[in-house]
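# model this:
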Amino acid sequence: MKIGQISVFIENESGRLFEVTDLLGKNNINIRALSLADTSDFGILRLIVNDPDRAYTLLKENDFTVGRTEVLAIEVPDDPGGLAGVLGVLSENSLNVEYMYALVETSSDCAVMIFRFDETDKAIEVLKGAGYTLMEGKKIYEI
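Residues are numbered from 1 along each chain as shown. Okay, the predicted model is just below:
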C-alpha cells in the first residue's frame, strides 16, 4: 500500500541532476516517477524507482544526501473534476497533502498520482473508505 520514495538533496548546479540519473541508470535502476522542487541553492529530487532499497544504498555510497519517505499511489479518475473529488474527500477528513506529483503511467481509466500526507495511515483508511484504489508498491515498481 505504501510506496517507498527516495529524496535526494542536490546543489542547484549544472550537472548535479545528471550525476544522480546517470548513477541510477548505469546501475539498472529505472525511474518510474519524479518531482524536482528547487530553491536558489538546493533542490529536492523525489524519485519512485523500481528498486528503492538499492537506489538508496547506491546514492548514499556515492556521497549524496538521501532520505526515504513513504507515499501513496492513488488512482485518480482521469476526467474533469477527478482530482478535485479525491482532494474533496481528503479535505472533508482534515487530511493535509504535503505534496503530490503525477506518474506518467495510467491504470485502467484513471491517472495515477503520488501523494505525501502528514497522516498516511489515516489517508489510507479514508481513501479506501471512499472507494479509491491505492496501488501496491510492487505494481508501481514494475511499471
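# from here on, contacts and neighbour counts on C-alpha atoms
Fine.
# what helix or strand is the residue nearest in space to the middle of the chain on?
With distances taken as Cα atoms, centre = their mean, the residue of the chain nearest its centroid is residue 114 (4.5 Å). Residue 114 is part of strand 110-117 when elements are defined by DSSP states H and E.
# give me the longest strand you can find in the protein.
Counting residues, the longest strand found in the chain (DSSP state E) is strand 65-77.
# before we move on, the earlier item: excluding its backbone neighbours, what's nearest the residue nearest to the centre of the chain?
Spatially, and ignoring its direct neighbours in sequence, residue 114 is nearest to residue 73 (4.6 Å; Cα to Cα, 6 or more residues apart in numbering).
# for that neighbour, list each beta-bridge partner.
Per DSSP bridges, the residues bridged to residue 73 are residue 114, residue 135.
# before we move on, back to that, which positions within the longest strand of the chain qualify as buried?
Going by neighbour count (16 or more other Cα atoms under 10 Å), the buried part of strand 65-77 is 66, 71-77.
# hmm, residue 96 is touching residue 117, no?
Yes. Between residue 96 and residue 117 there is a contact under Cα atoms under 8 Å: 5.9 Å.
# these two: who's more crowded?
residue 117 (19 against 15; other Cα atoms under 10 Å).
# who's in contact with that one?
71, 95-99, 123 (Cα atoms under 8 Å, 6 or more residues apart in numbering).
# how about those residues in CSV, adding secondary structure?
Shown next, in CSV, are the contacts of residue 117 (DSSP: H, G, I helix; E, B strand; the rest coil):
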residue, secondary structure
71, strand
95, coil
96, coil
97, strand
98, strand
99, strand
123, helix
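# buried ones only from those residues, please, as a PyMOL command.
To isolate the buried members of the contacts of residue 117 in PyMOL, using 16+ other Cα under 10 Å:
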select buried, resi 71+95+97+123
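# report the inter-axis angle for the strand holding residue 114 versus strand 65-77.
Between strand 110-117 and strand 65-77, the angle comes out at 140 degrees (axes from the mean of the first three to the mean of the last three Cα atoms, to 10 degrees).
# any idea how far strand 110-117 is from the middle of the chain?
In terms of Cα atoms, centre = their mean, to the nearest Å, the centre of strand 110-117 is found 8 Å from the chain centre.
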